[in-house]
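Novice: based on what follows, work out the 3D shape:
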Amino acid sequence: MKVSELRAKAPVPEIELEIVSLGEERAFNTPRGSGVVANAAARDETGEVSVSLWNEQTKQVKEGDKIKIEDGWCNEFRGQIQLSTGKNGKLTVNP
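Specialist: This next block holds a predicted model:
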């Protein structure tokens, strides 16, 4: 899948991206749990997308890394498409 094909509220079977920039890590606390989250900008040859990194993922990824997300989820927040691993997905950092 490519960035240009992403749609809100839709599954993302597999996508490969390059991390362009990382945002600040911030804590969250909800009735479902607590942890940390950070946003990253990532791209492929068709465009750029915001990626939400949750908990240990915030430490896994750095600028310039190539990542693969499998079984991810695409959502929309404040009019912007956001990609994450969702509940059952997997993020891999490629060497």
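Novice: low-confidence stretches in the protein?
Specialist: Counting by pLDDT under 70, the chain contains low-confidence residues at 95.
Novice: which residues in it form helices?
Specialist: Secondary structure of the chain by DSSP state H: the helices cover 57-60.
Novice: any idea which residue sits dead centre in it?
Specialist: For the chain, the residue lying nearest the average C-alpha position, counting by C-alpha atoms, centre = their mean, turns out to be Val51 (2.7 Å).
Novice: quick check: beta-bridge partners of that one?
Specialist: Val51 has these beta-bridge partners by DSSP bridges: Ala40, Leu83.
Novice: pretty sure it contacts Leu17?
Specialist: Yes - taking contacts as C-beta atoms under 8 Å, Val51 lies within contact range of Leu17: 7.1 Å. In this view, the C-beta of every residue, glycine as well, is placed from N, C-alpha and C.
Novice: shared neighbours of these two, anything?
Specialist: Ala42, Ile67, Ile69 (C-beta atoms under 8 Å, 6 or more residues apart in numbering).
Novice: got a markdown table for the residues you listed, with distance to Ser34 too?
Specialist: Formatted as a markdown table, those follow (distance: C-beta to C-beta, whole Å):
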| residue | distance to Ser34 |
| --- | --- |
| Ala42 | 25 |
| Ile67 | 25 |
| Ile69 | 23 |
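Novice: among those, name the buried ones.
Specialist: By neighbour count, with 16 or more other C-beta atoms under 10 Å, the shared contacts of Val51 and Leu17 hold Ala42, Ile67, Ile69 as buried.
Novice: tell me the contacts of Phe77?
Specialist: Ser50.
Novice: just read off the phi/psi values of the residue with the largest distance to the centre of the chain.
Specialist: Farthest-out residue of the chain from its mean C-alpha position, per C-alpha atoms, centre = their mean: Pro31, at 22.5 Å. The phi and psi values for Pro31, taken as degrees, to the nearest 10, are phi -60, psi -20.
Novice: thanks again, I'm all set now.
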